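In: structure for the following, please:
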Amino acid sequence: MEQHGRHWTGARGSWEMAGVAVSSRRPFVGRDREIDELRSGVDEAAGGRGGLFLIVGAAGMGKTRLADEAARVAEGRGARVLWGRCWETGGAPAYWPWLQILRELTRGAEGAALREALGGEAGPLAQLVPEAAAPPAARDAPPGGAAGAVDPATDRFRLFQAVVAALRACSERTPLVLIFDDLHTADPSSLKLLHFVARNLRGVRVAVIGAYRDEEARLSDSVGPLLVDIAREGTYLPLGALAAPEVRALVTAAAGEPAPEPLVAAALRASEGNPLFLSELLRLLVQRGDLARRSDEDPPALPIPDTVRELIGRRLARLSPATRDVLALASVAGRDFAAPDVSAIAGLPAPAVEERLADADRGGVILATGGAGWRFSHVLVREALYRDIPLERRAALHLAFAEHLARGAGRAPAVAEIAHHRL
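Out: Numbering: from 1, shown residues only. Modelled structure (predicted):
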């Protein structure tokens with residue numbers, strides 16, 4: 001698709017409009033260690049040494065993109081890849097990601113071969129997918145048969161055993177790679193089954209890859225502990241921010257030519273290496289042609305794309321209104337702030353403010369920096385909160401911070417900060 005953007009020209013380094021080819025799919029950069037781990041896991045699974053891999057990171061860190069790349073590698077090695085995507089907005093049945101995978105395994109001729117291979121073990125599997133055991137004429141019958149009379153814990157154990165048996169039988173013909181996306185939104189039953197499968201992969205030609213946002217998993221009392229237990233059974237792959245060389249590669253791909261260092265520095269500063277934030281930023285800049293002429297010493301100011309604002313907004317929406325109010329006030333202080341200052345401006349007792357900041361910390365929105373200090377986890381999180389404050393309210397808060405800092409509160413006045421707030 002052809003879009004119009006700007007490219008770097010001239011001795012002084014300025015931005016000029018030019019036609020550039022923009023790919024709808026950003027290149028895969030970095031993550032060398034992680035993709036090597038996953039590639040080795042796929043190869044080991046093909047040799048009968050199944051394993052579990054968990055890709056973990058904040059929103060936009062490229063978990064699904066890495067899983068996509070692992071799927072491409074696995075298919076290139078002759079494995080069959082099946083996805084189980086968790087449903088975030090509620091209403092999905094129990095075992096939803098497993099249902100997606102098991103239905104694929106029990107369809108058509110392969111399903112008939114699976115039923116024959118499982119024999120009597122296929123019965124419990126019908127609790128999830130009736131096609132696994134029932135002939136076509138009986139598919140509307142209540143699943144599970146006499147299993148309903150069994151103790152629920154025993155019934156569940158037999159179901160879990162049947163799933164492992166099905167995976168073993170299917171993988172004897174072709175190695176399997178199962179990918180579970182957004183596990184932080186999975187139901188507890190799905191996670192318990194995943195835990196059971198992970199503990200029974202020895203000798204099975206199955207690699208299991210899961211991806212989830214750790215900060216959101218910690219907010220759930222039912223999901224967080226289960227994911228901790230599951231992580232003990234496999235290889236943990238935490239994803240951090242992209243480094244400057246990787247940012248440069250993505251900027252170059254978007255521009256269609258070597259990226260100038262001022263743009264790379266500006267993109268790295270704005271995105272802080274978050275792959276999704278960076279790709280959406282570059283998409284916006286190319287589509288709008290929004291880079292004015294700048295010198296080397298004055299790199300372009302980069303906007304926040306609406307898609308990124310929406311993503312940040314969804315993360316903030318999971319916090320309580322009281323916590324969001326405190327964070328909005330803290331955003332006026334800047335990227336870094338101190339709890340006592342926020343408490344003084346908010347007119348709230350210190351314990352109440354600390355409780356709300358701890359809530360935001362669990363949600364991955366802020367990070368403790370030592371003592372009473374805190375920092376927004378990403379500059380764009382702070383900006384999103386700050387820009388949502390009405391202009392008059394924002395000015396009043398800046399003045400309140402300036403006056404608070406001028407009083408000193410037992411410390412030397414912060415002249416530069418006071419000047420910033422008054423300005």
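
In: show me where this structure dips below the pLDDT cut-off.
Out: Along the chain, the model assigns pLDDT under 70 to residues 1-26, 108-109, 120, 132-150, 288-301, 409-413.

In: strands of that one, start to end?
Out: Using DSSP state E, the strands of the chain run over 2-9, 14-21, 51-56, 80-85, 176-181, 206-212, 235-238, 336-338, 366-370, 373-376.

In: among those, which is nearest V286?
Out: strand 2-9 (4.2 Å; CB to CB). (C-beta placed from N, C-alpha, C; glycine too.)

In: thinking again about what came up before, need the strands of the chain in TSV (columns: distance to S320).
Out: Listed next are the strands of the chain as TSV, based on distance: least, CB to CB, whole Å:
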stretch	distance to S320
strand 2-9	41
strand 14-21	43
strand 51-56	25
strand 80-85	28
strand 176-181	27
strand 206-212	22
strand 235-238	27
strand 336-338	19
strand 366-370	14
strand 373-376	17
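
In: and those: which comes nearest V415?
Out: When these are compared by CB to CB, strand 336-338 sits nearest V415, at 16.7 Å.

In: could you say what helices and strands the closest one packs with?
Out: On a contact count with 3 or more CB pairs under 8 Å, 6 or more residues apart in numbering; DSSP states H and E, strand 336-338 meets strand 373-376.

In: what does the strand it packs on contact?
Out: 330-331, 335-339, 357, 361, 365-369, 382, 385 (CB atoms under 8 Å, 6 or more residues apart in numbering).

In: one step back: out of the strands of the chain, which is the most enclosed?
Out: Using mean count of other CB atoms under 10 Å, the stretch among the strands of the chain with the greatest mean number of neighbours is strand 206-212 (a mean of 27).

In: sorry, back to before: who wins for proximity to A198 among the strands of the chain?
Out: strand 51-56 (4.3 Å).

In: that closest one pairs with which strands?
Out: strand 206-212 (parallel), strand 235-238 (parallel) (DSSP bridges).

In: please tabulate these in TSV, including the columns distance to A350.
Out: Below are those laid out as TSV (distance: least, CB to CB, whole Å):
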stretch	distance to A350
strand 206-212	34
strand 235-238	33
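
In: before we move on, back to that, mind checking which of the strands of the chain is nearest F401?
Out: Evaluated with CB to CB, the strands of the chain place strand 336-338 nearest to F401, the distance being 9.4 Å.

In: how near is L183 to T64?
Out: Distance check for L183 against T64: by CB to CB, to the nearest Å, it reads 12 Å.

In: let me fix that: L302
Out: With distances defined as CB to CB, the gap from L302 to T64 amounts to 24 Å.

In: before we move on, what about V73?
Out: When distances are taken as CB to CB, V73 and T64 turn out to be 15 Å apart.

In: mind checking which residue lies nearest the centre of the chain?
Out: Among the residues of the chain, A59 comes closest to the average C-alpha position under CA atoms, centre = their mean, at 3.5 Å.

In: for L242, see how far away it is.
Out: Per CB to CB, A59 is found 15 Å from L242.

In: L99 too?
Out: Remark: distance between L99 and L242 (CB to CB) = 35 Å.

In: check G78 too.
Out: Noted for G78: a distance of 31 Å to L242, by CB to CB.

In: neighbour count winner among those two?
Out: For the pair G78 and L242, the greater number of neighbours falls to L242 (23 against 10), based on other CB atoms under 10 Å.

In: tell me the contacts of that one?
Out: Residues touching L242, when contacts are defined by CB under 8 Å, 6+ apart, comprise 29-30, 250, 273-275, 278.

In: can you name the two of the residues you listed that are farthest apart?
Out: Farthest apart among these by CB to CB are V29 and N274. That separation is 13.4 Å.

In: ok, the two, which is more surrounded?
Out: Neighbours per residue, other CB under 10 Å: of V29 and N274, the larger number sits with N274, 24 against 18.

In: excluding its backbone neighbours, what's nearest that one?
Out: With CB to CB, 6 or more residues apart in numbering as the measure, G60 is the residue that lies nearest to N274, at 4.7 Å, once sequence neighbours are left out.

In: the one you found contacts E272, doesn't it?
Out: No: the pair G60 and E272 fails to qualify as a contact (CB atoms under 8 Å) at a distance of 10.3 Å.

In: ok, the two, which is more surrounded?
Out: Each of G60 and E272 had its neighbours counted (other CB under 10 Å), and the higher figure belongs to G60 (25 against 16).

In: measure the more buried one to G123 for me?
Out: If you go by CB to CB, the gap between G60 and G123 works out to 44 Å.

In: check G334 too.
Out: From G334 over to G123 the distance is 62 Å, taken as CB to CB.

In: which of these two has more neighbours?
Out: Using other CB under 10 Å, the more surrounded residue of G334 and G123 is G123, with 20 against 16.

In: that one touches A162, doesn't it?
Out: Yes: using CB under 8 Å, G123 is in contact with A162, at 7.5 Å.

In: I'd say A166 and L105 touch.
Out: Yes: at 6.2 Å, A166 counts as touching L105 under the criterion of CB under 8 Å.

In: overlap of the contact sets of these two?
Out: Common neighbours of A166 and L105, counting by CB under 8 Å, 6+ apart, are L114.

In: so which of the contacts of strand 373-376 is the closest to T174?
Out: For the contacts of strand 373-376, the minimum distance to T174 (CB to CB) is 43.3 Å, reached by V365.

In: how many residues are close by that closest one?
Out: Neighbour count for V365, taken as other CB under 10 Å: 25.

In: list the contacts of it.
Out: The neighbourhood of V365, defined by CB under 8 Å, 6+ apart, consists of 215, 315-316, 319, 327, 376-377, 381.

In: then A346?
Out: 325-326, 329, 353.

In: look up how far S343 lies from V381.
Out: Taking CB to CB as the measure, V381 falls 21 Å from S343.

In: that older thread, most neighbours, which of the contacts of V365?
Out: The most crowded member of those is L327, carrying 27 neighbours; neighbours defined as other CB under 10 Å.

In: does that one touch S320 like I think?
Out: No: here L327 lies out of contact with S320, judged by CB under 8 Å, at a distance of 10.5 Å.

In: okay, and the common contacts of the two?
Out: When contacts are counted by CB under 8 Å, 6+ apart, L327 and S320 have R356 as shared neighbours.

In: put the alpha carbons of stretch 334-354 into CSV.
Out: Listed in CSV are the C-alpha atoms of stretch 334-354, where the atom choice follows Å, rounded to 0.1, in the frame of the first residue of the first chain:
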residue,chain,number,x,y,z
GLY,A,334,5.4,14.6,36.3
ARG,A,335,6.7,11.2,35.3
ASP,A,336,8.2,10.8,38.8
PHE,A,337,6.4,11.9,41.9
ALA,A,338,6.4,11.5,45.7
ALA,A,339,3.5,10.1,47.7
PRO,A,340,3.6,12.8,50.4
ASP,A,341,3.3,15.6,47.7
VAL,A,342,0.3,13.9,46.2
SER,A,343,-1.3,13.4,49.6
ALA,A,344,-0.8,17.1,50.4
ILE,A,345,-2.4,18.3,47.1
ALA,A,346,-5.2,15.8,47.3
GLY,A,347,-6.0,16.6,50.9
LEU,A,348,-6.1,12.9,51.7
PRO,A,349,-4.5,11.0,54.6
ALA,A,350,-1.2,9.4,53.6
PRO,A,351,-2.5,5.8,54.2
ALA,A,352,-5.4,6.4,51.8
VAL,A,353,-3.0,7.6,49.1
GLU,A,354,-0.6,4.8,49.7
